Each structure stands twice: as structure tokens, then as C-alpha cells.
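Novice: sequence and predicted model, in that order:
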Amino acid sequence: MRLREALRSSFDFIVCGAGSSGSVVAGRLAKETDAQVLLIEAGGEDTSPTIRQPGQWPLNLGSSHDWAFEGQPSPHLNGRRLPLSMGKVLGGGSSINVMVWARGHRADWDHFAAESGDPNWGYESVLGYYRRIEDWQGKVDAQRRGAGGPVYVAQPSSPQPLAEVTVEAARLMGIPKFDSPNGEMMEGAGGAAIADLTIRGGERQSIFRSYTYPQMHKPNLTVLTGALVTRVLFEGTTAVGVEVVLDGQLLRIGAAREVVLSLGAVHTPKVLMQSGVGPEAELQRHGIAVVQDLPGVGQNHQDHIAFGCTWEYLQPQQVGGGGCEATLYWKSDSRLEAPDLLQCQLEFAVPSPPEVGLSTPEHGWSMFAGLAQPKSRGRLTLTGAQHTDPVLIEPNSLSEPEDMAVAMRTVELCRELGNSQLFGSLVKQETAPLPRDRAGMESFIRNSAVTFWHQSGTAKMGRDPMSVVDARLRVYGIDNLRIADASIMPKITVGNTMAPCVVIGERATDLIQSR
């Protein structure tokens, strides 16, 4: 309460959102400059055991730490709504996710460079960022891995037998085994490896804890929780502050230098549109005064979609770390530039959606067979001009026929892997999806599809008419407003998006400081 009473009316920088990008921007600006920095987070503190203890992460889904969005009913999912969890707490997704550190493929970053016209977004440049970011505990690779950085990255010291067998079974299928899923493995066709995790001493290490928390003693950093950003304030086309709801009251806070939106791929476009920045027709439909017509705001929605394949254990098995200790990336077609199949293993059985109609074993494990490069694109639209009016999310998953074809291949690969004889001492039987004809498998895929919670792309970086930010992450047509989160991705990266979001935060901070 004392913080609220003494809150300044203006700061040099306002960073909106304390997730995997915003935490980087606020922490670095506070550490490396004498500027007054305000970090605003709608959620609360990150001290709950469900956050700190890796194995309890599923308990955060649907809790007060989760925005718990839902997609609109989709004909491509047989009328189902996709649950779309997103972190609502200090650390954002990095405080409620499964803690997998996946850096993206070489082709992802080279695509960012091509779309933006800036080679500093390319893979060779981004390797430099990762070397700066990481405190890698594994095998030394001076070219690709970093040591002494703020983010502690390590593999489980004693992976569970299930994870070890999974990697070996993949090797026998012709999928190469690597020491780590990052580095060389993400420069070629893919492979299988024990996962890299952000777990230290048995506790989660969120990006907030890695970047912002160590600077909390500094007088130039203010972290405000329980505050919902509703609008960016403008003078003409210059961002001059934000409007927030704090303790039920609307409050205006000025930004002398810049506002940085790091609210994620749902709230960043929502706040932009309700502030007057977005598709002109959409804004006018809700009576919002247009500050800048940007038709790409809310478009290009992307997410990794997966299909749970499950096996029953012969005997109950231990769960290591956060329960995800093995991962696999591979190509459905050797001609592709990067893997389009993404599989993450969970060492416990995940129930299928009820529409699948299959029971889940009490003791078992699931492999999420997913799409690493989905072609389907969704969108976000407003329902009104007020912050209390929800945004409609239309993921449009599996709307492109190519995605269904690749979904068939990733499930086939997963079943071949999970039914390997190497699992004979661990696994009793497959329980989902079980053998099916093509029509039955397509029905399973549409009914079982879930998300990896990697929403991206809704305020993309680029140079075409649908782009929202330029190569320096500045919103087109607006001064003193940048975006730094997964919404700027022109295309979703291969693999989990936490690590790429840290790069986006690092890059944004460099660009701000070079101004």
C-alpha cells in the first residue's frame, strides 16, 4: 500500500507486462541506466509453491496465475474451444510453464532478419545474444552456448528411465541423438535429446527472477503488481503514458521517454486497438478514435498445436523435474528448411479432451505430438471499447489442409516411437490414440488438439502493409512506443517460445539504449 501511495506520476520508461520479455527490458534498464523505470504487472507475486516447485506447474493452469483465455468455437476442431492459458503473475508464462528452454531454429531467426530487413535479427547475431543470456551448465560449446549469464539453464542430473529410453528409441528410428536440443541440433534437420530446463536447486528460475528481481533494491526501479494496463495515452501520435486500473480506480501515469508493451499476444493487440492503434474499420465499429490505422494488429495469430498420445505404465514411475525431460524435433519432409514436427514428453498421463472418448490410465505417460510450423492463422477482434469488454480469439487451428497432413505424420511418428520394443520394461500398452483408419485418425486429431500455450504473431515485425512494428520494434506511425513480446514474431519459432522471448527483450533493450 505504501508503494501505491508514493507512486510517481511519471517515469522515464514504462514497461507493461512482467513476462519473459518485459522482465528483461525492465531489469536491464534499471541495472544499466539511471532512468526511472516502472514495470506494471496485472497479476500478483510469484511466491506460491505452485510456481516455485517445478512439479506443481499444472496446478497453475486455470488458477489466479492464469488469464485462462479460451478460443472461439471452431469448425476445424469439431466445434470445440481451445483453452489458452497465459501467465498472469510476475514472470508471466515463465512462472507457470513447464520450464523448457528451447531457443528456436537457425531458420527462424534468419526469417526474422529477412522479414525485418535487419541482419541483427539473424541467427549469427542471435547466437551472440544467447551466449550473453545463458548460464549453461552442460557440455562446453563456446560457439553456441553461454556461461555466466542471468538465465540458469541445465539438463536434469539424473533423467528418468522413460526419457533416456525415448531418446534412444528415436535414435534407432534414424533420428539423431544430441547432447542438447539447443545448439547444433537446431541448425539442421532436428533430433532428439534430454531437455534443457530453467530449474536451479530444485526450484523454478523464472525470467523475472533472473533479470528483474536482482535489481529490486535499486531506487530507479518500481514494480507495480495488481495493475491492469487499459490504454496507451497519446499526444497526437506520440505515446506519453498509460492508463491503468489500480485498486478499482483509473490512474494515468506519464512516460517521459518510452512506453514498451510486453503484454503478450492477446493483451498487446487488445490494448493497442482500444488505444486507437489498429484496423480502422474495427476501431470505428466500436466507436474508438483512430490514432493510427494499422490493419495487422490482431491478425497473424499463431500457436503450436499438439495431440496427446498416451501409454500406460507397467508400474508407477517417478516424475523428474517438471515432468518434461525429453524432446524431439524432426521433419515430415526432408526438403524442408527446418523441423515441422515438435514432440515434448510428459512423464505423467495427460487426460484427452472428453470429445476423444478414451479413458486415461492412472499411471502412464503422454507425448505431445505437435506442429512446429503451423500454416493456419487466426485473429483477435474486439467486442467493445472498454477494458472490461473481452477480446475474441479465433485461433483457426487446423484450418489449413497442410496442417492436417503434418498432424497425421507427427502422430504416426509418435506412435511408432512409443510402441518401440525398448519401452517393454516400462510400458504396458498404448491407450491413445490406438490404431485407427484415416477418417478415425482425423477425428482423433480434431477432437484431441490442444495448445502448447505459445500464442504469437499478432503485432508482427516486418515491412509489408500488415506489419505492426519495424526492425527496431517501434510501432509504425507512432513515436515512443515499442512492442517486445511474442506478438512481434512474423512466424512462430520452432519449439517453446520462452527463450526467443528473452532474446526479444534483450534486443529491445539494446535498441532503446542505442537511441
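Specialist: That came through fine.
Novice: and the gap between Val232 and Glu282?
Specialist: Using Cβ to Cβ, to the nearest Å, we find Val232 at a distance of 17 Å from Glu282. From N, CA and C alone the C-beta is placed, and that goes for glycine too.
Novice: oops, could you answer that again for Ile207 instead?
Specialist: According to Cβ to Cβ, Ile207 and Glu282 sit 32 Å apart.
Novice: pick out whichever of the two has more residues nearby.
Specialist: Ranked by neighbour count (other Cβ atoms under 10 Å), Ile207 and Glu282 place Ile207 first, with 31 against 19.
Novice: make sure that one is actually in contact with Ser23.
Specialist: Yes - here Ile207 reaches Ser23: they are 4.7 Å apart, a contact under Cβ atoms under 8 Å.
Novice: what do the two both touch?
Specialist: The contact sets of Ile207 and Ser23 overlap at 91-92, 94, 505 (Cβ atoms under 8 Å, 6 or more residues apart in numbering).
Novice: looking at those residues, which is nearest Ala107?
Specialist: Using Cβ to Cβ, Gly505 comes nearest to Ala107 of the shared contacts of Ile207 and Ser23, at 21.7 Å.
Novice: is the closest one in a helix, a strand, or coil?
Specialist: Here Gly505 is helix, with the state taken from DSSP: H, G, I helix; E, B strand; the rest coil.
Novice: surely it meets Val25?
Specialist: Yes - using Cβ under 8 Å, Gly505 is in contact with Val25, at 5.1 Å.
Novice: shared neighbours of the two, anything?
Specialist: Common neighbours of Gly505 and Val25 (Cβ under 8 Å, 6+ apart) are 262, 484.
Novice: quick check: closest non-adjacent residue to Met216.
Specialist: Spatial nearest neighbour of Met216, chain neighbours left out: Val223 (6.8 Å); criterion: Cβ to Cβ, 6 or more residues apart in numbering.
Novice: ok, the one you found - how many residues close by?
Specialist: Val223: 24 surrounding residues under other Cβ under 10 Å.
Novice: go on, the one 4 residues further on?
Specialist: Burial of Ala227 is recorded as 23 neighbouring residues (other Cβ under 10 Å).
Novice: quick one: contacts for it?
Specialist: Ala227 makes contacts with 40-42, 244-246, 251, as judged by Cβ under 8 Å, 6+ apart.
Novice: list of residues touching stretch 27-38?
Specialist: Applying Cβ under 8 Å, 6+ apart, the contact partners of stretch 27-38 are 8, 11-15, 26, 150, 210-215, 218, 220-222, 224, 253, 257, 505-506, 509, 512-513.
Novice: any of those residues buried? List them.
Specialist: Burial by neighbour count, 16 or more other Cβ atoms under 10 Å: within the contacts of stretch 27-38 this picks out 11-15, 26, 150, 210-213, 215, 220-222, 224, 253, 257, 505-506, 509, 512.
Novice: show me these that map onto helices.
Specialist: Counting by DSSP state H, the buried ones among the contacts of stretch 27-38 place 26, 505-506, 509, 512 in helices.
Novice: sort out for me which of the shared contacts of Ile207 and Ser23 are in helices.
Specialist: Gly505.
Novice: could I get the buried residue list for stretch 40-48?
Specialist: Residues of stretch 40-48 classed as buried by neighbour count (16+ other Cβ under 10 Å): 40-43, 46, 48.
Novice: want to try TSV for the residues you listed, with secondary structure as columns?
Specialist: Formatted as TSV, the buried residues of stretch 40-48 follow (three-state DSSP):
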residue	secondary structure
Ile40	strand
Glu41	coil
Ala42	coil
Gly43	coil
Asp46	coil
Ser48	coil
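Novice: summarise which helices and strands the longest strand along the chain is packed against.
Specialist: Assignment by DSSP state E gives strand 249-261 as the longest strand of the chain. In terms of contact count using 3 or more Cβ pairs under 8 Å, 6 or more residues apart in numbering; DSSP states H and E, strand 249-261 is assigned the packing partners strand 10-16, strand 227-235, strand 238-246, helix 264-274, strand 481-483, helix 498-513.
Novice: okay, now the sheet partners of that strand, with direction.
Specialist: Strand 249-261 sits in its sheet next to strand 10-16 (parallel), strand 238-246 (antiparallel), strand 481-483 (parallel), going by DSSP bridges.
Novice: in that strand, which residues are buried?
Specialist: Residues of strand 249-261 classed as buried: 251, 253-255, 257-261 (neighbour count, 16+ other Cβ under 10 Å).
Novice: what about it, average pLDDT?
Specialist: Mean pLDDT, strand 249-261: 98.
Novice: what's the answer for stretch 462-474, then?
Specialist: Averaging pLDDT along stretch 462-474 gives 98.
Novice: buried ones in it?
Specialist: 462, 467-474.
Novice: can you tell me which of the residues you listed are in strands?
Specialist: Among the buried residues of stretch 462-474, the subset assigned to strands under DSSP E is empty.
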